[in-house]
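S.K.: Any chance you can model this:
(one chain, ligands or ions: 1)
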Amino acid sequence: MSLDSCLEGIEFERLTPLARLAKKVVLNPLANRLPASWWKKWLGNGNSELAQANWGNPGGWRSMVISYQGKPEKLWDRLLVNGGTIPMALRNRRKLAGRIIASLIDQVDHEPVHLLCLGAGPGMITADALAMANRRADATLVDLSDDAFDFGRQHATEMGLRDRMTFIQGDVRDVVSRIDQRVSIVKTIGIFEYITDDEIGGIAQSLRRVMPAGSAIVFNSISLRHGTDRFFRRVFGLHMIHRSPRQIQELLDPAGFGRFDIFPEPLGVYHVVVGRMEGKNLGESPRKPS
Ligand SMILES: C[S@@+](CC[C@H](N)C(=O)[O-])C[C@H]1O[C@@H](n2cnc3c(N)ncnc32)[C@H](O)[C@@H]1O
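M.R.: Just a heads-up that it's a prediction; the model follows:
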């Protein structure tokens, strides 16, 4: 099955033209321009869990889970999680990436099928993909936060996947160079926007040792289309690095990745991108940066 056809039937979240206009003309300028101290006071007084999660760990796994679950109790969280463009786009990205990875699992030409998930948080996208795939695969998940894994183990158990998901606490910049198991698919959804160009390039070089020719890397780009970067920086302390799919492709190319396929989610905030390890043998010399 082609990757395009595996996406049929996904129910994405979309914005009506009127909602887009209201965000562009009124809501985003208000969010971006009102003093950050006002927002912090309102969100603090309203016990916003999304704000608390970001203040404790900007861009961490907990805010991701709050956005995924989509049913917060507090009024501010209901407004932000259900109406905010980024949380909607995050849920779209989860659906898109989960389907794509499941389809890639079914297409792998060797056994056993093994996923390496970097900056995996509690592994919700990984669990989605393992559950949707028609064949068996297992996964190693790496994240800085070990508290993500308590939640992740519980979630994996509820999905009947506990014996297929191994959690490793550590910094992906160190852990990747120590992994020696052959990897069929690498997933880096939700991490490149938090690390530098050099770090992405370094991780890509390390992956070369464990990814056979034809194996896939699945990552995402993020664009400024959400229109609320200033709000997220000032109010949540979230400093994301916005890069186009092409900019990330150029960082991965010197390590031997190519044949990129790009899949946008409908809000235009995220693109999920699949690249392939080119070359013939594991450990082959990387291409020189051009
Ligand atoms: C935005 S969350 C994404 C979680 C998950 N990949 C998803 O998309 O649902 C980013 C995750 O990356 C982790 N992270 C950030 N920098 C990291 C690093 N250098 N090494 C390991 N994990 C990292 C954070 O702890 C966090 O759990």
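S.K.: which element is L141 on?
M.R.: If you go by DSSP states H and E, L141 is part of strand 137-143.
S.K.: Give me the angle between the first helix or strand past that strand going along the chain and strand 137-143.
M.R.: Counting by DSSP H and E, the next helix or strand C-terminal to strand 137-143 is helix 147-158. On the basis of axes from the mean of the first three to the mean of the last three C-alpha atoms, to 10 degrees, helix 147-158 is oriented at 160 degrees to strand 137-143.
S.K.: Where do the helices of the stretch 101-250 of the chain begin and end?
M.R.: According to DSSP state H, counting those that start in this stretch, the stretch 101-250 of the chain carries its helices in the segments 124-132, 147-158, 172-178, 197-207, 229-236, 245-252.
S.K.: ranking these by burial, who's on top?
M.R.: helix 124-132 (a mean of 22; mean count of other C-beta atoms under 10 Å). C-beta here means a position set from N, CA and C on the backbone, and glycine is covered the same way.
S.K.: so where's the stretch 1-150 of the chain shaky on pLDDT?
M.R.: 1 (pLDDT under 70).
S.K.: which residue ranges form the strands in it?
M.R.: In chain order, the stretch 1-150 of the chain shows strands spanning 113-118, 137-143, with DSSP state E, counting those that start in this stretch as the criterion.
S.K.: got the angle for the last one vs helix 124-132?
M.R.: Looking back up the chat, that one is strand 137-143. Using the same axes, to 10 degrees: strand 137-143 against helix 124-132 is 180 degrees.
S.K.: coming back round to it: most tightly packed of the strands of the stretch 1-150 of the chain?
M.R.: strand 113-118 (a mean of 25).
S.K.: same for it, what does it pack against?
M.R.: Using 3 or more C-beta pairs under 8 Å, 6 or more residues apart in numbering; DSSP states H and E, the elements in contact with strand 113-118 are helix 85-107, helix 124-132, strand 137-143, helix 172-178, strand 185-187.
S.K.: so what's I191 up against?
M.R.: Contacts for I191 (C-beta atoms under 8 Å, 6 or more residues apart in numbering) come out as 118-119, 172.
S.K.: Next, work out how far apart it and the ligand are.
M.R.: 5 Å (C-beta to the nearest ligand atom, to the nearest Å).
S.K.: cool, S2 as well?
M.R.: 24 Å.
S.K.: Close to the ligand: what parts of the stretch 51-200 of the chain are there?
M.R.: Residues of the stretch 51-200 of the chain lying near the ligand by C-beta under 6 Å from any ligand atom: 59-61, 64, 119-121, 124-125, 142-145, 148, 171-173, 189-191, 194.
S.K.: residues contacting E49?
M.R.: Per C-beta under 8 Å, 6+ apart, neighbours of E49: 66, 72-74, 77.
S.K.: scratch that, A97
M.R.: For A97, counting by C-beta under 8 Å, 6+ apart, the contacting residues are 125, 129, 187, 189, 218, 220, 272.
S.K.: Find the pair from those residues with maximum spatial separation.
M.R.: Farthest apart among the contacts of A97 by C-beta to C-beta are A129 and N220. That separation is 14.2 Å.
S.K.: on that earlier part again, now tell me which of the helices of the stretch 101-250 of the chain the model trusts least on average.
M.R.: Mean pLDDT per stretch puts helix 172-178 lowest among the helices of the stretch 101-250 of the chain, at a mean of 88.
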